[in-house]
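Asks: Generate coordinates for the sequence data below:
(chains A, B, C and D)
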Number of protein chains: 2
Amino acid sequence: MGEERRPTLEMVARRAGVGRGTVSRVINGSSRVSPDTREAVRTAIAELGYVPNRAARALVTRRTDTVALVVSEPEERLFDQPFFAGIVRGVSAVLNDRGLQLLLATARTDADHGRLGDYLSGGHVDGVLLVSLHTDDPLPDRLAGAGVPVVLGGRPLYPPRHPVHYVDIDNVGGAASATRRLVGAGRRRIATVAGPADMAAGQDRLRGHREALAEAGLPDPPELTVHGDFSHEGGARAMRELLDAAPDLDAVFAASDDMALGVLRTLREAGRRVPEDVALVGYDDTAAAAHTDPPLTTVRQPTERMGGEMARLLADTAIAEGPDAKPQAVVLDTRLVVRESG
Amino acid sequence: MGEERRPTLEMVARRAGVGRGTVSRVINGSSRVSPDTREAVRTAIAELGYVPNRAARALVTRRTDTVALVVSEPEERLFDQPFFAGIVRGVSAVLNDRGLQLLLATARTDADHGRLGDYLSGGHVDGVLLVSLHTDDPLPDRLAGAGVPVVLGGRPLYPPRHPVHYVDIDNVGGAASATRRLVGAGRRRIATVAGPADMAAGQDRLRGHREALAEAGLPDPPELTVHGDFSHEGGARAMRELLDAAPDLDAVFAASDDMALGVLRTLREAGRRVPEDVALVGYDDTAAAAHTDPPLTTVRQPTERMGGEMARLLADTAIAEGPDAKPQAVVLDTRLVVRESG
DNA sequence: CCCCGGTGTGGGAGCGCTCCCATACAGGGG
DNA sequence: CCCCTGTATGGGAGCGCTCCCACACCGGGG
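Replies: Model prediction:
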């Protein structure tokens, strides 16, 4: 069939009556080319519909103008969260106007995971954005070790061997604002359904909760803290434990909206009214939060900004300044969205 | 610093004591290499930690092993829907085991849009998956015209100039199942808050609704159909119109859950009980649907399968067989999720 | 004993670009 | 009038791979 080859830089050069070098110079802006020549080249490009071949360029420049967004959560529930949606939005926006492409990489199986590591450290992308909720992920260190620019979404749980740039959301502050709200409403027996202890978000939200309690001079007895797994079901189960251990509680801070949904269900089943008997505040501001009965007071995270900051940090610092750049941490504030549950 | 170059195929060849061609043959499987040689090459590759340079390969093969997922919805609200999340999941899974990479392309501004068109038709990806909810999107035709393999998510609204592969969800059938449910519950004045008339999903869901009505021998007077824009607010507004024009309605089929949420709000404000006075069925099964008051009966779409089928169709047909392949259409069934609203 | 086909294998050519050195030319000062 | 500096331009080399042609080698049939 047609099979006609796409125009090359060489063809543009011939058509414009100049050398390849000149065309290249025009395309890549920067250096000096006389206005007339520049114009001639531009015309030839337009006439031919020339589009530079990225592979050829990448081969010589060793840059691909592509960055990967790696979602390293095995259960890809992550995609469902507005959390992830916001990040993608923020990342794309910034990348778009830096002229970078976004490669979305996921790894479901362990084999996928290994291949992904090879791929990413193989120089196929200029940098990597890593949103990893898990603690035992070896990817960051591996990439950093291979000299691949990396920016993490969420703080590293342990101090990494290679210090790394990251953008985090102020989980401590967010949780504190949630609990403070409960305190301000006059609650005194405030329980929490905390997140998993092996996730940074879980740890930090619990810490924020405790700080707010301490600040108000409220006690923090062990029976008022139960850990969940951030899921609906986990929240329901945790609430049942809480009700057994401390039937007189008058408020709950759930470290995720999903868990808050479960809490709500258990509370209803137990005949407790929300917020009259038990006030409830969640975390995340998921799509469901506005539509529960009663609508959920919760903590909204600036996910889109997070994505944007990650991309910016990667492009402008991690990639631009190379491995010797001083690792930066950006921490973003949350906002309490007050509805009716607490 | 280090700046050491990554190992090349040439280095592997030297180390294994063979020629470049042989190494290439081993890497790309296919043709015959003696077991001993193959083993020696494998060893050298492992020792060196060699990873093939994609740019170099792409330069000669003219294939990039990358496909783009284009989200052409200007308001990127799309990302928030489980709809999109499912698609991404399905797409990644299939792409992963085809050894293909996923490029996520978004275009917010018109300038973005133009650039995206250049980019995609410029041979930088092997194929394009296009999820476009809008009718006036010139991209499919442009890409097909440029000989780029394309698979659409959702049927084309108008017969395209270049026939194209697509995967659709049976909106007609899904909507019919929703309305049938209402009919089966004994409702007789069944209204619909339809989607925009310029979207395929909007048209088809309205058609399904009407078919179910006809099938039951129920009238379909104009005052029982109002168009919304798929949004919460639009649904609330549409419901107000409906209540004015046909106060005696006893059921509503909303063509999206977001609109159903608005419908629910308006109904509550008007003092109508759901489902006692007015039964309600939505469409999409969004995250919020399970948690409204009452929980929403709605139509769930097989989004993950849709993504998977799109990727499969692209890789196995559109790319593999080239532009002469007979355009295929895959249509997937929906499932009615019965909760309490209708 | 020669020829022939089938296997394995080496390595030149070339994909389309950027980099950089060489060259050409224009002026200004000695 | 020559030299020197600076600016604009051409084009060779080479990035790391795949493709493909040429070649070596091995037996078996004539």
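
Asks: Show the end-to-end separation of stretch A:97-110, please.
Replies: In stretch A:97-110, first residue to last residue: 34 Å (CA to CA, to the nearest Å).

Asks: what's it in contact with?
Replies: Residues outside stretch A:97-110 that contact it (CB atoms under 8 Å, 6 or more residues apart in numbering or on different chains): A:65-72, A:74, A:76, A:88, A:91-92, A:95, A:112-113, A:115-116, A:119-120, A:125-126, A:311, A:315, B:66, B:69, B:88-89, B:92-93, B:96, B:101-106. C-beta here means a position set from N, CA and C on the backbone, and glycine is covered the same way.

Asks: and that stretch, average pLDDT?
Replies: Across stretch A:97-110, pLDDT averages out at 86.

Asks: Stretch A:33-45 too?
Replies: For stretch A:33-45, the mean per-residue pLDDT is 88.

Asks: And for stretch A:66-79?
Replies: 73.

Asks: Check stretch A:239-250 too.
Replies: 96.

Asks: State the distance spanning the first to the last residue of that stretch.
Replies: With CA to CA as the measure, the ends of stretch A:239-250 fall 12 Å from one another.

Asks: coming back round to it: of the contacts of stretch A:97-110, buried ones?
Replies: Applying 16 or more other CB atoms under 10 Å in any protein chain shown to those, the neighbour count classes A:66-72, A:74, A:76, A:88, A:91-92, A:95, A:112-113, A:116, A:119-120, A:125-126, A:311, A:315, B:66, B:69, B:88-89, B:92-93, B:96, B:101-106 as buried.

Asks: I'd say A:Pro52 and A:Pro7 touch.
Replies: No: using CB atoms under 8 Å, A:Pro52 makes no contact with A:Pro7, being 10.1 Å away.

Asks: now, which of the buried ones among the contacts of stretch A:97-110 lie within strands?
Replies: Of those, the ones assigned to strands by DSSP state E are A:66-71, B:66, B:69, B:101-106.

Asks: and the residues you listed as CSV, adding distance to A:Glu340?
Replies: As requested, these are exported to CSV (distance: CB to CB, whole Å):
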residue, distance to A:Glu340
A:Thr66, 46
A:Val67, 42
A:Ala68, 41
A:Leu69, 36
A:Val70, 38
A:Val71, 33
B:Thr66, 48
B:Leu69, 39
B:Gln101, 46
B:Leu102, 41
B:Leu103, 43
B:Leu104, 37
B:Ala105, 40
B:Thr106, 35
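
Asks: Could you dump those residues into JSON lines and include distance to DNA strand D?
Replies: Below are these laid out as JSON lines (distance: CB to the nearest atom of the strand, whole Å):
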{"residue": "A:Thr66", "distance to DNA strand D": "17"}
{"residue": "A:Val67", "distance to DNA strand D": "20"}
{"residue": "A:Ala68", "distance to DNA strand D": "19"}
{"residue": "A:Leu69", "distance to DNA strand D": "25"}
{"residue": "A:Val70", "distance to DNA strand D": "23"}
{"residue": "A:Val71", "distance to DNA strand D": "28"}
{"residue": "B:Thr66", "distance to DNA strand D": "15"}
{"residue": "B:Leu69", "distance to DNA strand D": "25"}
{"residue": "B:Gln101", "distance to DNA strand D": "16"}
{"residue": "B:Leu102", "distance to DNA strand D": "21"}
{"residue": "B:Leu103", "distance to DNA strand D": "21"}
{"residue": "B:Leu104", "distance to DNA strand D": "26"}
{"residue": "B:Ala105", "distance to DNA strand D": "26"}
{"residue": "B:Thr106", "distance to DNA strand D": "31"}
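
Asks: What is the nearest of those residues to B:Pro138?
Replies: Set against B:Pro138, the nearest of those by CB to CB is B:Ala105 (15.4 Å).

Asks: Would you state the strands of chain A in chain order?
Replies: A:66-71, A:101-106, A:127-131, A:150-153, A:165-169, A:190-194, A:225-227, A:251-254, A:279-281, A:298-300, A:329-332, A:335-337.

Asks: Would you mind finding the most buried of those strands?
Replies: A comparison of the strands of chain A by mean neighbour count, using mean count of other CB atoms under 10 Å in any protein chain shown, puts strand A:251-254 on top with a mean of 31.

Asks: what about that strand and chain B, touching?
Replies: No: using CB under 8 Å from any CB of the partner chain, strand A:251-254 stays clear of chain B, with a minimum separation of 13.9 Å.

Asks: Just give me the closest of the ones in strands among the buried ones among the contacts of stretch A:97-110 to B:Val331.
Replies: Closest to B:Val331, out of all of these and judged by CB to CB, is B:Leu69, at 20.3 Å.

Asks: show me what contacts A:Thr192?
Replies: Going by CB under 8 Å, 6+ apart, A:Thr192 touches A:179, A:206, A:209, A:224-226, A:252-255.

Asks: change it to 7 Å
Replies: Contacts for A:Thr192 were tallied using CB atoms under 7 Å, 6 or more residues apart in numbering or on different chains; they are A:206, A:209, A:224-225, A:252-253, A:255.

Asks: circling back: check the contacts of stretch A:97-110 against DNA strand C, which are close?
Replies: Among these, proximity to DNA strand C is found for none (CB under 7 Å from any atom of the strand).

Asks: about what we covered before: need the contacts of A:Thr192 in TSV (columns: distance to B:Ala40).
Replies: Formatted as TSV, those follow (distance: CB to CB, whole Å):
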residue	distance to B:Ala40
A:Leu206	55
A:His209	60
A:Leu224	65
A:Thr225	60
A:Val252	64
A:Phe253	62
A:Ala255	55
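
Asks: ok, those residues vs A:Thr292, which is closest?
Replies: Among those, A:Val252 lies closest to A:Thr292 (CB to CB), at 13.9 Å.

Asks: Would you agree the closest one is in contact with A:Gly282?
Replies: No: taking contacts as CB atoms under 7 Å, A:Val252 lies outside contact range of A:Gly282: 9.2 Å.

Asks: follow-up on the earlier one: list just the nearest of the contacts of A:Thr192 to A:Ile169.
Replies: Nearest to A:Ile169 among these, with distances taken as CB to CB, is A:Ala255, at 13.0 Å.

Asks: list the contacts for that closest one?
Replies: Residues in contact with A:Ala255, defined by CB under 7 Å, 6+ apart, are A:175, A:192-195, A:202, A:205, A:283.

Asks: Relative to chain B, how far out is the residue of chain A most remote from its centre?
Replies: What lies farthest from the middle of chain A is A:Gly17; by CA atoms, centre = their mean that is 49.3 Å. Relative to chain B, A:Gly17 is positioned 24 Å away (CB to the nearest CB, to the nearest Å).

Asks: Could I get the contacting residues of the residue of the stretch 101-250 of chain A found nearest DNA strand C?
Replies: Using CB to the nearest atom of the strand, the closest approach of the stretch 101-250 of chain A to DNA strand C is made by A:Asp126 at 13.9 Å. Neighbouring residues of A:Asp126 by CB under 7 Å, 6+ apart: A:63-67, A:149, A:319.

Asks: Measure how far the direction of the lowest-mean-pLDDT helix or strand in chain A deviates from that of strand A:66-71, in degrees.
Replies: Across the helices and strands of chain A, mean confidence by mean pLDDT, DSSP states H and E is lowest for helix A:110-121: a mean of 81. Helix A:110-121 runs at 150 degrees relative to strand A:66-71, counting by axes from the mean of the first three to the mean of the last three CA atoms, to 10 degrees.
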